[in-house]
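> Need a 3D model of the following:
(chains A and B)
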Number of protein chains: 2
Amino acid sequence: MARASAGRSTLSRQLQLLDAFSIDSPFLSLSELSRRSGLPVGTTHALLADLEEQRLVERGADRTYRLGIRLWELACRTPGALGLREIAMPHLQEVHGSIGQHVQLGILSGGDVLFLERLSSRDAVVNATIIGGRLPLHASAAGLVLMADADAATRDEVLAGPLRSLTDATIADAAELRRVLHRVRTQRFAVADGYIHPSARGIAVPVTGAAGETVASVGAVVPNDDAPWIPLVDSLQSAAEHISAALRAAALPQAHPEASPGGRYRALVSSSDESMQYLAGPANRRQPHSPAGATPR
Amino acid sequence: MARASAGRSTLSRQLQLLDAFSIDSPFLSLSELSRRSGLPVGTTHALLADLEEQRLVERGADRTYRLGIRLWELACRTPGALGLREIAMPHLQEVHGSIGQHVQLGILSGGDVLFLERLSSRDAVVNATIIGGRLPLHASAAGLVLMADADAATRDEVLAGPLRSLTDATIADAAELRRVLHRVRTQRFAVADGYIHPSARGIAVPVTGAAGETVASVGAVVPNDDAPWIPLVDSLQSAAEHISAALRAAALPQAHPEASPGGRYRALVSSSDESMQYLAGPANRRQPHSPAGATPR
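Here you go, the predicted model:
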């Protein structure tokens, strides 16, 4: 199948270009894109023309390229990322409102924690988490929670090291990490004092999916001081229970007595009860949203 | 350039498959994808294999496909979507905290309002907005604000109709729409009573970018009742001023005395001051994030 294999190689080279953009370099010129991707300038230019035509990249007034809004629109239909984030959001907001520090939602992805959401305030403590960013499993409270409940292969791979130290407090010893994971699995929470930065304490608890499996962690980053942190574990566990219940309700068939309103929308959208009924109901047939893919220029 | 043109057609067909997923159909089988995209089952299968290998789609335990987390990770590096949303978020949260109803952030995109964020609460009024969803310009407060400041071509295209009515209150007459836009441009806010649903009132104000141009709107959806809405316009305008100031600060060179900390991260990330210094500072060189594109399986 020549066509499919040509397509495969083109798509993977186009993704090399998209991957060249990062949080600290969101704007790139043609020559920077060529250098970062390792592709010749001419090839880069041709691939970019195609990506720009499809609105996966956009060109600014200064001729630099950036990732396009269309990617973000597609991302809004990913149940594993934005769906989970939408369902968790009201509960994250409640914890954030009561503590004023960072509150975050992470999932296990490719041997890291990938953060789907993080609420902050300007005067909150130092925190390395960014939305769409990753942290190592062994060096973060969210990571310990996800690793404690992960399959044996994922755990063994991390335990085989290297266990990179970010501060003197990071767990860098496999035997100690194994003990800590056992404790986390039993206690259902993790506390990481200064693992990433001496002045920050991470606390995280697991969120379970429809089948009771751990699907995410909810955590907070607070100052690494003498303040009692047990009340914070309690409010994170309460938020996690609410999120887990909402995930179970979202997976129920619409006819089930405990199903929340919204039908299939519930996999991606969390709005007020009246809005969910509107979105799922007969009004939806004359709904003002453009249908999938109808993204006029 | 045969290769580039083969790539173009492959990419556009792959996007046909990605576009088949929508908010009300986030999970699709092979045959549904073939039917929705109009592509033969064999072609659909080959394109999906490539998309799955690149983690742009994922396959669930029930064999259905869904859009993949990798799309969402790329989306987190779009300055025009997530960057703007990150900068606006603390100010949206403040308004949401004080009114408890829907608060939302929208941009002009392809002749619609595209919503980047929406905060809700369970008992809030009915609202058709979903994150990543669109509303017609003429039928929403956010749309009126964006249309009032849009270029003449965009305005004329909408004014040329058709102006679809969603309720009896939707503006369906071009002359009336022109008068309303003039008023919105002068007053710097729009109020839409029952345009989309009889029980909902939309209110929106403009957000300006570094050059003073309108880049987004901040709005609220509240019950369409006798409660005075002027105080809400005031708090939305205050939030919009803060967001506009933050956008200006994010565009300043790092050496500028009024530049906020964070360097190039500021285009995409809004965290606490200490976190922004950490992300941009020397500590960043041993930063725990995976580099761009390093998304191990």
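
> Go through chain A and flag its longest helix.
If each helix of chain A is counted by residues according to DSSP state H, the longest one is helix A:230-251.

> List the buried residues in it.
A:232-233, A:235-236, A:239-240, A:242-244, A:246-250 (16 or more other Cβ atoms under 10 Å in any protein chain shown). Yep, even glycine has a C-beta here, placed from its N, CA and C like the rest.

> Any part of the helix or strand hosting A:Gln277 near chain B?
When secondary structure is defined using DSSP states H and E, the element that contains A:Gln277 is helix A:273-280. Yes - looking at helix A:273-280 against chain B by Cβ under 8 Å from any Cβ of the partner chain, the contacts come from A:Asp273, A:Glu274, A:Ser275, A:Gln277, A:Tyr278, A:Leu279.

> ok, of the residues you listed, which come out buried?
Neighbour counting by 16+ other Cβ under 10 Å classes A:Asp273, A:Glu274, A:Ser275, A:Gln277, A:Tyr278, A:Leu279 among the residues of helix A:273-280 next to chain B as buried.

> possible to save those residues as a markdown table with distance to A:Glu73?
Listed next are these as a markdown table, based on distance: Cβ to Cβ, whole Å:
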| residue | distance to A:Glu73 |
| --- | --- |
| A:Asp273 | 26 |
| A:Glu274 | 25 |
| A:Ser275 | 20 |
| A:Gln277 | 25 |
| A:Tyr278 | 21 |
| A:Leu279 | 17 |
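
> Taking the residues you listed, tell me the two that lie furthest apart.
Put simply, by Cβ to Cβ the two of those set farthest apart are A:Asp273 and A:Leu279, 10.9 Å from each other.

> what about A:Val158, which SS state?
Following DSSP: H, G, I helix; E, B strand; the rest coil, A:Val158 is assigned to helix.

> excluding its backbone neighbours, what's nearest it?
If you skip the residues right next to it in sequence, A:Val158 has A:Leu137 as its closest partner in space, 5.2 Å away by Cβ to Cβ, 6 or more residues apart in numbering or on different chains.

> Enumerate every residue touching that neighbour.
Residues in contact with A:Leu137 (Cβ atoms under 8 Å, 6 or more residues apart in numbering or on different chains) are A:Leu108, A:Gly111, A:Asp112, A:Val113, A:Gly143, A:Leu144, A:Leu146, A:Met147, A:Val158.

> try 10 Å this time
Taking Cβ atoms under 10 Å, 6 or more residues apart in numbering or on different chains as the contact definition, A:Leu137 lies against A:108, A:111-113, A:143-148, A:150, A:154-155, A:157-159, A:163, A:177, A:181.

> Next, count neighbours for A:His197.
By other Cβ atoms under 10 Å in any protein chain shown, the residues close to A:His197 number 22.

> Output the buried ones among the residues of helix A:273-280 next to chain B as JSON lines; include the columns distance to A:Ala88 and pLDDT.
JSON lines is the format used below for these (distance: Cβ to Cβ, whole Å; pLDDT from 0 to 100):
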{"residue": "A:Asp273", "distance to A:Ala88": "17", "pLDDT": "81"}
{"residue": "A:Glu274", "distance to A:Ala88": "21", "pLDDT": "83"}
{"residue": "A:Ser275", "distance to A:Ala88": "17", "pLDDT": "82"}
{"residue": "A:Gln277", "distance to A:Ala88": "21", "pLDDT": "78"}
{"residue": "A:Tyr278", "distance to A:Ala88": "22", "pLDDT": "78"}
{"residue": "A:Leu279", "distance to A:Ala88": "19", "pLDDT": "78"}
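
> show me what contacts the residue of the stretch 101-250 of chain A found nearest chain B?
Relative to chain B, the nearest point of the stretch 101-250 of chain A is A:Gly132 (2.5 Å; Cβ to the nearest Cβ). With contact taken as Cβ under 10 Å, 6+ apart, A:Gly132 is in contact with A:22-23, A:75, A:81, A:114-118, B:69, B:72-78, B:82, B:268-269, B:289.

> ok, now with 6 Å
Contacts here follow Cβ atoms under 6 Å, 6 or more residues apart in numbering or on different chains; on that basis A:Gly132 touches B:Glu73, B:Cys76.
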